[in-house]
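1. could you look at this predicted model? Sequence included:
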Amino acid sequence: MMTLHRSLRDERVWSFALVAPALLTVGLLFIYPLGFSAVSAFSAEEEGGWTFANFIKAFDLYSNDILFTVVIVSLSTVLIGVFAIAIGGYLTLGENLYAVAILKWLYRWPLFIPFIVAAQLMRTFLAKNGLMNNLIVGSGLLEPLQTQSFLDWRGIVITFVWKQTPFVALLVAGAMASLDRSMIESARNLGAGRLRILIEIILPQVRPTIVVALILSFVVMMSVLSVPIMINAQTPTMLTVDMAFRINAYGDYGVANALGFISYLMTGVVAWIYLRHGVRQGGSP
Amino acid sequence: MRRVALTRASIAIGLAIGMAGAVQAQTINVLTAGSQNMVDYVTDYLGPLFEEQNPGVTVRAAGTGPGDAGSQKIFEKLDAQMSAGSDAWDVDVAVVHQKMAGQMREADLLGSYRGDIATGELVTRDTAKMALGVDVDGYVMPMFHSQTAIAYNPDLVPDPPSSYEELKEWVAANPGQFGYNGIKQGMSGVSFVVGWMYAHSGQEDVLSAGPYDPALKDGWGDVLAELKSFNENVTFTPGNAGTLDMLNRGEIVMGPVWVDMFYTWQADGRVAPNIKLKLIGPGMPGQPMYYIVPAKAANSDLGKKFVELATSPAVQAEGIVKKFNWYPGIDAVHVEDSLEPADFEKLFADVTPDDLASKGKVFPIGPFFDDILESYERQVQN
């Protein structure tokens, strides 16, 4: 009895020792900065004490940017979902083996390109007299004067979608490939078209994977600074740019942290969906 | 027994060698805030030159990033070492922006050294004494002076506007042809906005010299509303480099740029050779970059020596003017003798010394600067 007790206790000590590095990392690099920035967002730098002033200023100056960020990231998430499902669907249901092989080889490339490099590529690609428009003009489809620059909100959306679609498609295609083929075959035997099979048979089964992958993409896009700062010269712009500006131009961490807090709230909402989803799926999100 | 003695002897020898090495090999740490070209200037030119003249000394140079963000990092590094009570800070020389030099002075992070170096008396400009309203006399040496001006394509605009007022009419008549980078994408856009405020508010003197009056910004509504309607016909560019890129691709025909960056790009073939500069009236701001030696730099003597070399007429001529197209930090008369007349004139071809004297402005003092940027955010952008 005693030995059993002791071995149980030993085991506990060991298991704690094993997770300690991870806990410490999370605590030091995530929980502590998170708490610190939340405290800074609610405290008055000069007078001391607690205040909502940072939030009032954040809404006063950046309300359009907050809205813009939500719209851009949500729109990008929807488009990423559509493209990822299309890619995954074709990889699962495509009949031309060559096309499937080429798509399989091609679609993952953007995954290996960092956001800042993607932004730099798009900056010269999407400009008014950039590579894309030069190709279109060169092929005789447009006159030079009819071209327009995509270096605005559209540029951000294009870059986000281009960069994040492979990530979601990778997860979704994997989930689709592991489905039981017999159901797809029987639907096909009964005369269902490929689009109908995708929407009515495959999608409902891989929905949890899609939701999780899209939520992760949403959170990643919320945190990207390089893409909006390099591509979007217009106003409004995204919150990350405002946070950087608050710190670099004014040394004002209070309002920057307030903006950060607003970002947490947005990602918090999707994280909540993620967790609810995970719990409903039996605790393995 | 013998073995122990041997070990001891070898430890002693090892220590002696180590200490001798410590005496001979010294390292000075130089931090540079600013774009890559400024970091290159220290790593590729100034550092090796200093090492050559001071055998045994290694210059360890690092860049902290462009714009005010880079200076902010240096400030935070020094501030942290001061708060920690350290007596030997690991930064011996730093290159910082004007705004931050004032802030560092106020936080007692700077050492007074201009009187200790031989080149200290070669600079008489105001910028060596005041940094945006803060008295920094003795604490800084200007590395170079930089200036913004309007770049334009003379083939398409043979007769460019010569003042903000004329520019406003020109932009209304040619929508989309003028481009600048707002205020969040680099200092050339900020400079353009500050010039607009000087031109239209009639408050240039108080904005650039103080005293600070928090109520002043309440009267800027009309000036900023005018800027907002001006912006409707403007193409926004992604950054200082973005303006030059768009000029070069022919997407805009006019826009504010940094003079040094413009000439460097033109020399590299990244800006078409026909594009020219014009400093429009009543004027646009420019700024110096400063060499500072932190108050408790571990190797402050070497740091001072480094700045002395960096601000000597020969280095200012060869490095600052000839290689990097900046206006010299020390007075131009001292540099002129060390330069070929052609090199000296090239720098002052589009923007003459008279233009610089009459239309080269300074940025506003710190609190007004913040007010201008924030009012722009509030009234023009949101």
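-> Looks like it arrived, so ask away. It should be emphasised that the depicted structure is a prediction, and the values quoted were computed from it without experimental measurement. Residues are numbered from 1 along each chain as shown, chains lettered A, B, ... in the order given.
2. got the contact list for the closest residue to B:Phe306 other than its chain neighbours?
-> Closest residue to B:Phe306 apart from its sequence neighbours, by CB to CB, 6 or more residues apart in numbering or on different chains: B:Val93 at 5.2 Å. C-beta: built from backbone N, CA, C; applies to glycine. For B:Val93, the contact set (CB atoms under 8 Å, 6 or more residues apart in numbering or on different chains) comprises B:28-31, B:291-293, B:297, B:303, B:306-307.
3. and which of the residues you listed is nearest chain A?
-> The closest of those to chain A turns out to be B:Leu31 (CB to the nearest CB; 16.5 Å).
4. wouldn't the closest one be in contact with B:Val95 here?
-> Yes: the pair formed by B:Leu31 and B:Val95 meets the contact definition of CB atoms under 8 Å, at 7.2 Å.
5. circling back to that earlier point, which residues does the residue nearest to B:Phe306 bridge with?
-> Beta-bridge partners for B:Val93, by DSSP bridges, are B:Val30.
6. pLDDT score for it?
-> Listed pLDDT for B:Val93 reads 95.
7. ok, now the one 5 residues further on?
-> Here, the pLDDT recorded for B:Gln98 equals 88.
8. now do it against chain A, distance only.
-> With distances taken as CB to the nearest CB, to the nearest Å, B:Gln98 is found 14 Å from chain A.
9. what do you get for B:Gly329?
-> Counting by CB to the nearest CB, the gap from B:Gly329 to chain A is 24 Å.
10. endpoints of stretch B:216-226, how far apart?
-> 17 Å (CA to CA, to the nearest Å).
11. and it, anywhere near chain A?
-> No: using CB under 8 Å from any CB of the partner chain, stretch B:216-226 stays clear of chain A, coming no nearer than 13.6 Å.
12. for stretch B:32-42, same thing?
-> No: applying CB under 8 Å from any CB, one finds stretch B:32-42 separated from chain A by no less than 10.9 Å.
13. show the average pLDDT along that stretch.
-> 86.
14. do stretch A:130-150 as well
-> 86.
15. now do the end-to-end distance for it.
-> Start-to-end, stretch A:130-150 (CA to CA) is 10 Å.
16. repeat for stretch A:248-255
-> End-to-end distance for stretch A:248-255: 12 Å, by CA to CA.
17. show me which of the contacts of B:Val93 are buried.
-> Taking 16 or more other CB atoms under 10 Å in any protein chain shown as the criterion, what is buried in the contacts of B:Val93 is B:28-31, B:291-293, B:297, B:303, B:306-307.
18. in helices only, show me those residues.
-> B:303, B:306-307 (DSSP state H).
19. if I look at the residue lying closest to B:Gly133 once chain neighbours are set aside, how far off is B:Asp135?
-> Nearest residue to B:Gly133, sequence neighbours excluded (CB to CB, 6+ apart): B:Ile365, at 3.1 Å. For B:Ile365, the distance to B:Asp135 equals 12 Å [CB to CB, to the nearest Å].
20. those two: who's more crowded?
-> Shown here are B:Ile365 and B:Asp135; by other CB atoms under 10 Å in any protein chain shown, B:Ile365 has more neighbours (22 against 12).
21. now the strand or helix carrying A:Met266: average pLDDT?
-> Per DSSP states H and E: A:Met266 is located in helix A:253-280. Helix A:253-280 shows a mean pLDDT of 86.
22. in it, what counts as buried?
-> A:253-263, A:266-267, A:270, A:274.
23. intersect those residues with the contacts of chain B.
-> Contacts with chain B within these, counted by CB under 8 Å from any CB: none were found.
24. on that earlier part again, and the ones in helices among the buried ones among the contacts of B:Val93, which is closest to B:Ile252?
-> B:Val307 (39.4 Å; CB to CB).
25. and that closest one, what does it touch?
-> Contact analysis of B:Val307 by CB under 8 Å, 6+ apart lists B:93, B:113, B:117, B:119, B:141, B:291, B:293.
26. and the gap between the third one and B:Ala295?
-> Read it as B:Ile117. 16 Å.
27. mind checking the SS state of the residue nearest to the spatial centre of chain B?
-> The residue lying closest to the centre of chain B (CA atoms, centre = their mean) is B:Met289, at 3.6 Å. The three-state assignment at B:Met289 reads strand, by DSSP: H, G, I helix; E, B strand; the rest coil.
28. which residues touch whatever residue of the stretch 1-150 of chain B ends up closest to chain A?
-> Relative to chain A, the nearest point of the stretch 1-150 of chain B is B:Ala69 (3.9 Å; CB to the nearest CB). Shown in contact with B:Ala69 (CB under 8 Å, 6+ apart): A:244, A:247-248, B:33.
29. and the residue nearest to the centre of chain B, what does it touch?
-> The contact partners of B:Met289, by CB under 8 Å, 6+ apart, come to B:33-34, B:38, B:95-98, B:142-144, B:146, B:329.
30. and what of B:Val190?
-> Taking CB under 8 Å, 6+ apart, we find B:Val190 in contact with B:183, B:373.
31. where does A:Ser37 land on pLDDT?
-> At A:Ser37, pLDDT is 89.
32. distance check, it against chain B.
-> 16 Å.
33. now do A:Arg9
-> As judged by CB to the nearest CB, A:Arg9 and chain B stand 41 Å apart.
34. element containing that residue, please.
-> helix A:2-26.
35. related to what we said a few turns ago, what are the buried residues along the helix or strand harbouring the residue of the stretch 1-150 of chain B closest to chain A?
-> In the assignment (DSSP H and E), B:Ala69 maps to helix B:67-83. Across helix B:67-83, burial judged by 16+ other CB under 10 Å covers B:67-75, B:77-78, B:81-82.
36. want to throw the contacts of B:Val307 into a markdown table with distance to B:Phe344?
-> What follows is the contacts of B:Val307, written out as a markdown table (distance: CB to CB, whole Å):
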| residue | distance to B:Phe344 |
| --- | --- |
| B:Val93 | 27 |
| B:Tyr113 | 29 |
| B:Ile117 | 25 |
| B:Thr119 | 19 |
| B:Met141 | 21 |
| B:Tyr291 | 23 |
| B:Val293 | 30 |
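37. please report phi then psi for A:Pro166.
-> With angles defined as degrees, to the nearest 10, A:Pro166 sits at phi -60, psi -40.
38. my read: it touches A:Lys104, true?
-> No: taking contacts as CB under 8 Å, A:Pro166 lies outside contact range of A:Lys104: 11.2 Å.
39. up against chain B, what does chain A have?
-> Near chain B, when you scan chain A using CB under 8 Å from any CB, you find A:60-65, A:123-124, A:127-130, A:149, A:151, A:229-237, A:241-242, A:244-245, A:247-251.
40. can you list the residues of the stretch 51-200 of chain B near chain A?
-> So far as CB under 8 Å from any CB goes, the stretch 51-200 of chain B lies against chain A at B:67-69, B:72, B:75, B:103, B:181-185.
41. neighbours around B:Tyr139, how many?
-> B:Tyr139 has 24 nearby residues by other CB under 10 Å.
42. my hunch is that it is in a helix, does that hold up?
-> No: under three-state DSSP, B:Tyr139 sits outside any helix and is assigned coil.
43. and stretch B:350-360, how far out from the chain's middle?
-> 18 Å (CA atoms, centre = their mean, to the nearest Å).
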